[in-house]
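the sequence and its predicted three-dimensional model are supplied below.
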Amino acid sequence: MKTRPLAWEEFMEGVWRQNPVFVMALGMCPVLAVSVSAINALSMGLATTFVLVSSCALISLLRKWIPKEVRIATYIVIIATFVTVVDYLIQAISLTLYEALGAFIQLIVVNCIILGRAEAHASKNPPLAAIINALGMGVGFTLGLFALGSVREILGAGAWFGISLFGDGFQPWVVMLLPPGGFFVLGGWLLLFSFFARRRAGA
Amino acid sequence: MTIEIRPAPHLHAPRDVPLIMRHVVWSLLPVCAFFVYQYGLSALASLLVVTASCVATERLFARTGTQASDIGDFSAVITGLLLALSLPPAFPLWMGAVAGFVAIAFGKAMTGGLGRNVFNPALVGRAFAQAAFPQAIATYSPSFLPGRFAEFVPSTLTWPLMQPPELAAWLKVNRFDALASATPLALWKFEGVITDAEALLTSLSGHMAVGPSPLLILICGAYLAARRFLDWRIPTAILGAAGLTAWLLYALSPERFPNPFFMLFSGGLILGAVYMATDMVTSPVTPRGMWLYGALIGLLTVVIRYYGGLPEGVMYAILIGNAASPLIEKITQPVPFGKGPFARLGKTRMGASYPLHPTYISREDAGAEAPKKRIFIHKPKQEDRRSAEKPHE
Amino acid sequence: MNEQTVHFMPRMDATPPARMVRVLALVAAICGSLVVAAHQGTLSAVQENKRIALERAVRKVLPEAREIIAYWLLPSGALAKANGAPPPGALVFHAGYDASGRLVGIAAEGAAKGYADTVRVLYAYDPHAQAVRGFAVIASRETPGIGDKVTKDKDFLANFPLSAQLSDDGTALAHEIRAVKHGTKTHPWEVDAIAGATITSRAVARAINEAAQALLPRLSPHLATLAQKT
C-alpha cells in the first residue's frame, strides 16, 4: 500500500499545483461574472468552499453506501442541499451581497469543481482526507477569484474592499466592471502564472 | 563544386518585412506632421508617448521570450503611430500609454508576435481605451487653437490613474468656448448638424474637432499603393461599399441620413481604410477575398454609425473584418487552371477549397500531399468523400 | 458495425433496487432535514434584512418621513395593513408620515426591462401635488458608468417632480409617463432621457408608468383615509 501524502501537501495541491482557476481553468462562469469587487469575489469563493467542503465530507461519509448506479444523482442532491443552505445563510447575512452575487449562488450547484472533487476524490477517500483536499481546492478557488476581484475593483472603482485608494479624482476603467474586463484580467493572470511556471520548469 | 538544388521560387525580391514597415512609417510621417500642426504640443506628446509605450512593450515581451523580435521594432512604431492618430489629440498621456501596452501585449504578443496576430494591434488598443475610458475618448479639443505650440491642453498632462480635467471649463477660461469641441460625427449623431465637405477634408477652415486630415492620408496611401506596399483593392472596396451604402440610404430618405460624402470623410474611416484594414497579417491574401473583406468593413461601418449607440463604427467594423478574414480566405481560394466550374461540368462543388499549388507544376509536387484546409479537424477523410459522392449514385 | 451491437448483460455486482431505494431515501432525508433546518434558522434574519433594505429604500425617496406603514390594496379594492405575505393580486405600497402624522407620500415598486436585465425601482408619489417626486433603483444590472447614470445625472433627476394626474374619469393617468429623446421634453409628464443611456432611461419611465397606472387610480378613493396616520 502506498504511503499517504502528508496533509499539507494534499492541501497545497488544490491551492497551488492544481489551482482550479489558474491551472485547471475550471468553474470559470462565477470567476468571470462576480469578480467585479474584492468583497464579492471573496464571498463567492467562501460560499463555494463551504459547499465544496461540506458536500465532500458528507459524500465521503456515505461513500460505502451510495450505489454506483445512482451516484451522480446522489452527489447532485447533496450539493444542491448545501447550496440551498448557503443561499439562506447569505440572505441572512447581507441582502446587498445576495443581490450582487445574484444567480451565481444557485449556480454553484453546477460548478464542475465540486462534482469533480466529489467524483474523483471524496468518493474514494475517508472523510478527513476528503475534507483537506476539498479545503485546498476551495482555498485555491477563493484565491483565484480574489486575485481577479482585487484587480478589477482597484482599476474599475479605485477602491479595495470599498475603501477608496486614490481619492476623488480617480478615473475608473469602465471596462474592468464589464464582462470583457473579466476576460482581460483573467488573461493577464494566466499569462503571469504560465510565465512563472515555465521559468521554474526551465530553471 | 556543389550544385545547390532548390525548389521555386528562384527570383527573390529585395523587399522584406523591415523594408515594408519602414516605408509605411515614412508615409505616415507627413500625416503625423500635419496632425501636430493642427493640434500642437499635445498631439506631439501623444504620438511620442503612445509609440514609446508600444515599442517598450514589444521589447519587454521580446526579452521574456514570448516572441522573437529583431524586425518587429518598426511594426511596433506603426502600431503606436496609428493608435495615437486614432485617439483624440489631447487624450491623457497615461491612458495613451495604457492603450499602447494593451495593443502590443493583448493584440500581438499574446498570440505569438508579428505575423500571428488575429486582430490589428492598434485597434485592439483603441477598443480597450474605448471600453475603459469612454468619456476621455469622446472628448476632442478643437484644432488650430492659438498658442497650441506653447502650452499643452490640460487633459494631456493628467496624473496617472486620475480623471482628466474638464475640457469645456478650460476652453471657457481661455475664451475658446464658442469653438466646436464635438467631432463632426458626434455633431451629426446627437445634434443633427452636418459639417461641410471642405472643412472635413482639410480642417483648415476653422477650429474643428477632427482627426488627422483625410486628404493627406489618401495621398500617402496612394504613394504606398503605387509602390505596392499595400493592396489598393482593400481601401477601394471599403470606401466603395461605405459610399454605396450611404448613397443608397441617402437616396431613400435625404432628411434622415447624411450625404455619402460626409460618411466617407468624417471620423476615422479614411485612416482605417488606408492604414488599418490593409494590415497584411490580418487581412485576406486572395484578391477576391480582399474585395469581400473591404465590402464587409465598409457596409458594417455605415450600419454601425447609423444604428449603433456610438457615433463611430470603423474600429468595430475592421475588428469584425479581421475576425472574418480566415473564413473569407477559405471561400475565395483561387481555382487552378483546368479545375474551374466549366472544366468538368457538374463535378465541382461550389465553395470547395483546392490546394494553392496545382498538381501539374512538377512531378515532386504532384506526389506531395497538399495540406488541406479544414475547419473541422477531426472530420474523417473517408466519410467526407463518401458523402460527397452520394448525390451522384 | 458488428462491434456496436453489444448485448445488454446484467452485471453480477449490480445493486439490488431495494437497497438503492433505501439509500436514496436516507440521502433525501438527510438533505431535506438540512434544508429545513437552514430555512428555519435563517428565516427571521432574512425577513429582518428584507424589511431593513426596503425601509432604507423608502426613506431614500421619502426623506422627511418619520414613520412608514406598509399597506395592501386588495383586488376587491379594499385597503388593509400589511401583515405577513401579501395575498395574490394585492398591490403593496408604503405610506410615509412626518412627525405630525401627516401623509407626505406614497412609495411603491415598479419594474421594467432595461438594457441588461429588469430594472426595479421604488418611486415616491406625492398625493397633494399629484406628482411622482423621485425614485430609487432597488435592483439593476445596467452597465456601470452608462446605465447607472439614471441615479446620478443631474439633468435626469431634474425630470422630477413628474406630473401624474389622474384622468377625469379616474380610471387611468391623464397622460402616460414616457421617456422622450434627450432635449425634447415639452410636457411635465415626459421624461428627458439621458443621451447614451436611453434604454435605461426608458426602462425607468416605463416602470414608473406601469406601476402608477395600476396603483394610483385604485388608490385615489382611499387617499382621504390615508391622509392622517391611523
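Arrived safely, thanks for sending.

make it CA atoms for all contacts and neighbour counts henceforth
Will do.

any idea how many residues pack against the residue in chain A that chain C sits nearest to?
Closest contact between chain A and chain C, by C-alpha to the nearest C-alpha, is at A:Ala92 (4.4 Å). Applying other C-alpha atoms under 10 Å in any protein chain shown, we find 21 residues neighbouring A:Ala92.

what's the nearest residue to it if we skip its chain neighbours?
If you skip the residues right next to it in sequence, A:Ala92 has C:Val46 as its closest partner in space, 4.4 Å away by C-alpha to C-alpha, 6 or more residues apart in numbering or on different chains.

A:Thr96 versus that neighbour, what's the distance?
Between C:Val46 and A:Thr96 the computed distance is 12 Å (C-alpha to C-alpha, to the nearest Å).

so where's the stretch 251-393 of chain B uncertain?
Within the stretch 251-393 of chain B, the stretches with pLDDT under 70 are B:337-393.

about what we covered before: which strand or helix spans the residue of chain A closest to chain C?
Using DSSP states H and E, A:Ala92 maps to helix A:71-93.

what mean pLDDT does the following helix or strand past that helix have?
Tracing the chain C-terminally past helix A:71-93 and defining elements by DSSP H and E, one meets helix A:95-101 next. Mean per-residue pLDDT for helix A:95-101: 82.

which strands and helices lie in contact with helix A:95-101?
helix A:38-61, helix A:71-93, helix C:17-61 (3 or more C-alpha pairs under 8 Å, 6 or more residues apart in numbering or on different chains; DSSP states H and E).

please save the CA atoms from stretch B:89-97 in PDB.
Taking C-alpha atoms only, stretch B:89-97 is exported to PDB below (Å, rounded to 0.1, in the frame of the first residue of the first chain):
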ATOM      1  CA  PRO B  89      -5.100  64.600 -29.700                       C
ATOM      2  CA  ALA B  90      -5.400  65.700 -26.100                       C
ATOM      3  CA  PHE B  91      -6.000  62.200 -24.800                       C
ATOM      4  CA  PRO B  92      -4.400  61.900 -21.400                       C
ATOM      5  CA  LEU B  93      -0.800  60.600 -21.800                       C
ATOM      6  CA  TRP B  94      -1.200  57.800 -19.200                       C
ATOM      7  CA  MET B  95      -4.300  56.500 -20.900                       C
ATOM      8  CA  GLY B  96      -2.400  56.500 -24.200                       C
ATOM      9  CA  ALA B  97       0.400  54.500 -22.600                       C
END
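
starting at the chain centroid, how far to it?
In terms of C-alpha atoms, centre = their mean, to the nearest Å, the centre of stretch B:89-97 is set 20 Å apart from its chain centre.

please enumerate residues in contact with that stretch?
For stretch B:89-97, contacts defined as C-alpha atoms under 8 Å, 6 or more residues apart in numbering or on different chains pick out B:39, B:42-43, B:45-46, B:49-50, B:53-54, B:84, B:129, B:136-137, B:139-141, B:153-161, B:164, B:211.

B:Glu166 versus the spatially most distant residue from the centre of chain A, what's the distance?
The C-alpha centroid of chain A is most remote from A:Gly169, which lies 33.8 Å away (C-alpha atoms, centre = their mean). In this view, A:Gly169 and B:Glu166 are 12 Å apart by C-alpha to C-alpha.
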